[in-house]
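**Student:** Return atomic coordinates for the entry below.
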Amino acid sequence: MGHEETEIALAKQGRMVALVIAATMVLWIVAQWLGPKLGLPGRFALLIDFAVLAAMVWSMFVTYQIWRKRQDTKG
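**Tutor:** Modelled structure (predicted):
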């Protein structure tokens, strides 16, 4: 895999992470607003919070991988 192909792959990964973070936060805000209006119990809010936390941990992990790969290609 060439240097340019690696950079393109890393850029795609970066865009995917950005979309996951943005979508997760929008869905979390909507769920926090909509939950009480629908009368959902608190355990659903906790479930949503854990799902958001998992998405954020995944995003940080992938971001770290992207950073490490870019550091390796700088050589």
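
**Student:** So for stretch 66-75, what gets flagged as buried?
**Tutor:** I66 (16 or more other CB atoms under 10 Å). Backbone N, C-alpha and C define where each C-beta goes, glycine included.

**Student:** What separation is there between the nearest residue to Q32 once chain neighbours are set aside and K69?
**Tutor:** Nearest residue to Q32 in three dimensions, chain neighbours excluded: A45, at 7.1 Å (CB to CB, 6 or more residues apart in numbering). Applying CB to CB, to the nearest Å, the value for A45 to K69 is 36 Å.

**Student:** next one: Q32
**Tutor:** Relative to K69, Q32 is positioned 35 Å away (CB to CB).

**Student:** And for L27?
**Tutor:** Look at L27 and K69: by CB to CB, they are 28 Å apart.

**Student:** And the helices in this protein, which stretches?
**Tutor:** Per DSSP state H, the chain carries helices over the ranges 3-38, 42-74.

**Student:** elements contacting the last one?
**Tutor:** Using 3 or more CB pairs under 8 Å, 6 or more residues apart in numbering; DSSP states H and E as the contact criterion, the elements in contact with helix 42-74 are helix 3-38.

**Student:** Now do the helix it packs on against helix 42-74: the angle between them, please.
**Tutor:** With axes from the mean of the first three to the mean of the last three CA atoms, to 10 degrees applied, the angle from helix 3-38 to helix 42-74 works out at 170 degrees.

**Student:** now helix 3-38, how far from the centre of its chain.
**Tutor:** Counting by CA atoms, centre = their mean, to the nearest Å, helix 3-38 is centred 5 Å from the centre of its parent chain.

**Student:** by contact count, what packs against it?
**Tutor:** Helix 3-38 packs on helix 42-74, going by 3+ CB pairs under 8 Å, 6+ apart.

**Student:** buried ones in the helix it packs on?
**Tutor:** Within helix 42-74, the residues that count as buried by 16+ other CB under 10 Å are I48, V52, A55, S59, I66.
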